[in-house]
Structures are given as structure tokens and as C-alpha cells.
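[1] Turn this into a structure:
(2 chains)
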Amino acid sequence: MSELSPIELEVANLIIDSLALEDITAADIVPGDALFNDGLGLDSIDALELAMAISQKYGFQLKSDDANNAQIFSSLRNLAKHIESNKT
Amino acid sequence: MSKHWSDKKERSNPATLKLICWIALHTSRYFARFWLYPITVYFYLTSSQVRRASGNYLRRISGLTGNPWQIAKHIFYFSATILDRVYFLTDQFHRFDITVHGLENIKEQQASGKGCLLLGAHLGSFDLLRSLAIQNKMPFKILMYQDHNAMISKIFNSLNPDVAKSVINLANDNAMLEMNESLNAGEMIGMLGDRYVKNDKRIICQLLGDKIEIPSGPITLATITNSAVIFFCAVYCGKNKYEIYIEKLADATQLSRSERTDYVNQTTQKYVDRVEYYLKKHPYNWFNFYDYWQDESH
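    All right, here's what the predicted structure looks like:
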């Protein structure tokens, strides 16, 4: 079990719901671990679907020209941090 | 194990290719085409993989046997489209007899203001369509891996920087977001759906009687982004003649993940069926010179 902050928990559930991940609960996602490739095994199409779910739920767009995208999507912790500071 | 296409070494060398470009641009297409005969013979004699892949494919087409003459014609058609690429990229369309079928599908889509996916295959000349689109100032981007064939794309990109600028590079982390932004801006996204790279999700489809693996990505992207899918191919018909076919493959359909498996499978097979239809009509336009079918590694 890993300790998730409230926003991390919310984003973890959004990932699980929007990507219909089976056999996994929010508690299984380690906030500092990689989400894509080696981590949860998600690919770039999953990333797009997640980005669209985020913009729908939190009212801001993830932009392709943001130099920090790789970092933002690197882990649940970073993604949650980014959402918290950008949501409207 | 059959060899994957990306494992295949680039066969042409820069000097030869530059020379061909120079001949193409500074003499005539007629003269440049003369060189296609020795080039065809060279590739026929030096690449057993090309010979085998071509023969195995041609035998699947009714009426063809994959004999040396047909294999040579197959290589010749491929070389001819590479040469013509030089002319397409330099906007010399007047040299060609080009017939376009189904242009209304693109016009209707553009009139709607919504972006769409333009899904093609390694069937005929992709560059004819993309050069025409760019010359006509159509809002058009290509989603592809840019670094494969780096040398060949470097040379061709130098002929037309606008074409190079229209690429969304899949090797780039932000490619999917970029593509989505283009679609939202009403642009058409061109891609070829008949090859996969190692980590792509793929499904089994039937082509010319046997199983093949096809990436599920393109149709999945269409359902995620609620985009229509238009099928296209630009086949070479000998001499200076090309036929472009544009067909609506699927209307914009947005589905949740749980609902979309069947839809993606069916629509991807529908795409493969269109590829098959045009291969039967224009068999020498299949430009996948590697073991394409799953059971072909012998």
C-alpha cells in the first residue's frame, strides 16, 4: 500500500476509469513510479486518452508545446501536482 | 521469426540517390527512367529477401505466379514511384496523367470544418497525395516515424521543406497531443496503417487469404478523437499514369474503451479489405518488401 494524497487518489482513479484498467486499484499505483512504458504499460495512445479525460474533468488543456510534458506524465505524483496547479 | 521491416537495412546509398535526383531534375523523366532498368536488375540480383517477399506476395494474386519477370516488374514499379517522388516534391505534376476518384469525400470533410484521419497503406505513392495536398494548401499533416530511412528522407525533405514541415514525428513524446491539436484545428492527419513498430498494439486481420498483424492504433485514435476516417491510395498504372482513390471508411464515432474493441477490429478489417481490393486491381503497387504474412518465414 502506498500513501496517496487526496489529489493523487483522485487522479489515480481518473487514470483507472478513463483507461478502463482492470485488476488494479488506486492503491496499487506507486506515486513516484513511471506511468508509461515500463510502469503501467500504457502507450502513447493511452496518454492521449488520459490527456483528454484530464482536460474534460479539470478544464485545462495539456499542450503539445509544453516542454515539461515528459516530466508531467512521468509519474502519478508529477501529474497530480501539475493538475492541482492548473485546474480551473 | 520473420524479419521485421524496421530491421531491414536501407539499401540505396546517398551518392546513387543524389545522382538519380540530379538526373531526374536536370534531364528528363524519360531519360531518368532509363536508369530504372539497371536499378531493377541490381535489386533483383542482390536482394534475396526482396525477391522472396515479392514472389510470396504476387502468388497470392489470382492470375500471377510470382515468376522472375513479375518480380522484376514489381521492383520496377517501386523504383518508378521513388523516382516520381522527386517530381511530386518539386511540384512537377504537369508531367503526369493523374486521375482523382472520390475527391468529394475530402471536400465534404473540409466543408464540415472538422479534422479527420486519412488512412493509407504502402500501396502506391504516398508522396503524390501529400505533395498534391500541400500544393493545394490543404490543411494536412502526416503522422509518421521520421527517423526511419533518415538518409532518404533528408534528401527528399531538401527538395521540399514544406513537406518536411508537415510531419508530426511519432518518435516525439508530444506527437499524440500535436495530432489532437491539429484535428481540433480542422486539419487532416495522414498516416499509413499497414505496418507496426514493435510495441504497437495490433490485431489479426485477413489479407489475400491469410492472417496478418495490423496496428489497431489508427482506428483507436479515430474513436478517441471522434474523427472520421478516409481511406486513400495513389496507385501507379505504368508510363506517367497515376490513379488516386479516396473513400470514406468510417464516420466519426466516439466510443468508450469498453465499447470499442469490436468496432476497432471490424473497422480495421474493413480497411484491410480496401487494401486488398486495390491490390487485386493494381498488384504491382504493394510496397512491403518483407515477410508480411505471419506464416511466411520459410
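
[2] Please tell me how far the nearest residue to B:Glu213 once chain neighbours are set aside sits from B:Phe231.
    Computed as C-beta to C-beta, 6 or more residues apart in numbering or on different chains, the closest residue to B:Glu213 that is not its neighbour in sequence is B:Arg202, at 4.6 Å. No exception for glycine: its C-beta is placed from N, CA and C like everyone else's. Taking C-beta to C-beta, to the nearest Å as the measure, B:Arg202 and B:Phe231 are separated by 19 Å.

[3] what's the following helix or strand after the helix or strand where B:Asn157 lies?
    Secondary structure from DSSP states H and E places B:Asn157 in helix B:150-159. Following helix B:150-159 in sequence order, the next helix or strand is helix B:161-165 (DSSP H and E).

[4] For the following helix or strand past that following helix, name the packing helices and strands.
    Remark: after helix B:161-165, the chain's next helix or strand is strand B:167-169, criterion DSSP H and E. For strand B:167-169, the elements it packs on are strand B:140-144, helix B:175-184, judged by 3 or more C-beta pairs under 8 Å, 6 or more residues apart in numbering or on different chains; DSSP states H and E.

[5] Give the burial count for B:Leu177, as a bare number.
    If you count neighbours by other C-beta atoms under 10 Å in any protein chain shown, B:Leu177 ends up with 23.

[6] worst-scoring helix or strand of chain A, pLDDT-wise?
    Scoring the helices and strands of chain A by mean pLDDT, DSSP states H and E places helix A:69-72 at the bottom, with a mean of 89.

[7] quick check, that helix touching chain B?
    Yes: using C-beta under 8 Å from any C-beta of the partner chain, helix A:69-72 reaches chain B at A:Asn69, A:Ala70.

[8] any idea how far that helix is from the chain center?
    How far helix A:69-72 lies from its chain's middle: 11 Å, per C-alpha atoms, centre = their mean, to the nearest Å.

[9] buried residues in it?
    A:Asn69, A:Ile72 (16 or more other C-beta atoms under 10 Å in any protein chain shown).

[10] Next secondary structure after that helix?
    Once the chain leaves helix A:69-72, the next helix or strand it forms, by DSSP H and E, is helix A:76-86.

[11] Name the surrounding residues that touch that following helix.
    Residues from elsewhere that reach helix A:76-86, judged by C-beta atoms under 8 Å, 6 or more residues apart in numbering or on different chains: A:4-5, A:7-8, A:10-12, A:15, A:29-33, A:35, A:54, A:58, A:60, A:68, A:71-73.

[12] Next up, the contacts around residue 74.
    Let's take chain A. Contacts of A:Ser74 (C-beta under 8 Å, 6+ apart): A:Ala34, A:Leu35.

[13] let's do chain B instead
    Neighbouring residues of B:His74 by C-beta under 8 Å, 6+ apart: B:Ser54, B:Tyr57, B:Leu58, B:Pro283, B:Tyr284, B:Trp286.
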